[in-house]
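# below is the sequence, then the predicted model.
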Amino acid sequence: MVKAILATVRTALLAAGILLAASALPSVGAESALAPQAQVTRNTLIESAVDLGGGTYQLVLAELTFEPGAETPLHQHPGPSVGYVETGRIGVTVPSEGVTNSFSAGSAINHPWDTPHIFRNSGDQAFKMLSFELIPIALQPSGE
């Protein structure tokens, strides 16, 4: 009797394992769940500490490239950030305001650095921009 129960349990576990393994495989003709995500790349061109009297900041100039379909997670920046669009088109969404603005080559972007936002390239070509960022390193207390 015990041998029969163990054999049944063993068969059930084997069947469950096969079903679990099969469910992890992509369906024929379906897009794989492991397909690579569209990339955002960042190339820092200049990085320099500057003292602006009220504190020390990191001044950064970076080139950002968004492949078609790429997007940032919801984020915000520690300091002011503006951009210049070199190529392509990008949408900048501020979920709290329910607003998406679109920017194309030749545009300047004064994006809401201190409000959570998302950059999304929903076009079919790469998007490139120069990003100018001022990041606080050490701020002086007021009155000093």
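Everything's here; your move.
# just give the nearest non-adjacent residue to the residue nearest the centre of the chain, would you?
For the chain, Thr72 is the residue whose C-alpha lies nearest the centre (CA atoms, centre = their mean; 2.3 Å). The shortest distance from Thr72 to any non-neighbouring residue, by CB to CB, 6 or more residues apart in numbering, is to Phe119 (4.7 Å). C-beta here means a position set from N, CA and C on the backbone, and glycine is covered the same way.
# if we can go back for a sec, how close does the residue nearest to the centre of the chain get to Ser96?
Relative to Ser96, Thr72 is positioned 16 Å away (CB to CB, to the nearest Å).
# sorry, back to before: for the residue nearest to the centre of the chain, give its distance to Phe66.
8 Å.
# and for those two, which residues touch both?
Contact criterion CB atoms under 8 Å, 6 or more residues apart in numbering; residues shared by Thr72 and Phe66: 40, 119.
# tell me, how many residues neighbour the nearest residue to Val99 once chain neighbours are set aside?
In space, and not counting its chain neighbours, Val99 is closest to Thr93: 7.1 Å by CB to CB, 6+ apart. Thr93 is flanked by 18 other residues according to other CB atoms under 10 Å.
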